[in-house]
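A.B. asks: from the sequence below, what's the structure:
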Amino acid sequence: MRKIMGLFFILIGVAIFLYPLYENMQYDREQQQLLDSFAQLGNTEQLEQASMQVEQTNEDKSDLLKGARGLISIDKIDLDMLIFDGTSTEALSKGIGMIEPQKEFGVNNIGLAGHRAITKGKQFNRLDELNVNDEIQVTTSIGTLEFAVVDTFVVHQSEVSVLNDQDEPLLTLVTCTPIGSRNPPHRLIVQAALVP
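C.D. replies: Residues are numbered from 1 along each chain as shown. Here you go, the predicted model:
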């Protein structure tokens, strides 16, 4: 009986140890599926039209791309993620959320929200590594827009004025800080200006 109980506890320990690895592999697989689906849309200038065609021809890929607005790429932190309408749990579990979907890239101050996890390289986990002049690319239905970081700072979660439109088109990246805290009241903000 002791041997059985010992074996049982060993198996439980191994399962607890392996579960985070499995979870990371699953997350990476889902992210790659989303990126692959987005890439298969073809011409990003016809994103909406292509999404409708994908919906008609492949229901599974359509579900993955539902609400997709574009792709954000930040080479410095090895980030390539899809941008989805809104900040619902579903949107943020699939990628980066567009806080105010009615705004236009290249015209308004676009707020993009993403989670930070303890696992390095997930969503906006490495956002604090960005500095002034670092480059951010956003590919949408209007093409690829280049942004350059102009400021990084921390605000209280109630300070939503960082999302107000300015004289120039901006990209405002928002995530919780400090990393690993449960329900932190502060937000790390990275603002980038459109490169003409």
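A.B. asks: whichever strand or helix holds Arg187 packs against which elements?
C.D. replies: Using DSSP states H and E, Arg187 falls within strand 186-194. Judged by 3 or more C-beta pairs under 8 Å, 6 or more residues apart in numbering; DSSP states H and E, the packing partners of strand 186-194 are strand 143-156, strand 170-177. In this view, the C-beta of every residue, glycine as well, is placed from N, C-alpha and C.
A.B. asks: right, so those: which one is the most enclosed?
C.D. replies: strand 170-177 (a mean of 22; mean count of other C-beta atoms under 10 Å).
A.B. asks: neighbouring strands - and their directions - for that strand?
C.D. replies: According to DSSP bridges, strand 170-177 forms sheet pairs with strand 109-113 (parallel), strand 186-194 (antiparallel).
A.B. asks: so what pLDDT did Glu30 get?
C.D. replies: The score at Glu30 is 61. That number is its pLDDT.
A.B. asks: nope, Arg116 is what I was after
C.D. replies: On the pLDDT scale, Arg116 gets 79.
A.B. asks: follow-up on the earlier one: and the strands paired with strand 170-177, which is most packed in?
C.D. replies: strand 109-113 (a mean of 23).
A.B. asks: for the helix or strand just after it, buried residues please.
C.D. replies: Heading C-terminal from strand 109-113, the first helix or strand you meet, by DSSP H and E, is strand 135-140. By 16 or more other C-beta atoms under 10 Å, the buried positions in strand 135-140 come out as Ile136, Gln137, Val138, Thr139, Thr140.
A.B. asks: for the third one, give me its contacts.
C.D. replies: With contact set as C-beta atoms under 8 Å, 6 or more residues apart in numbering, Val138 has these partners: Gly70, Leu71, Ile72, Ser73, Ile83, Phe105, Ile110, Thr144, Leu145, Phe147, Leu171.
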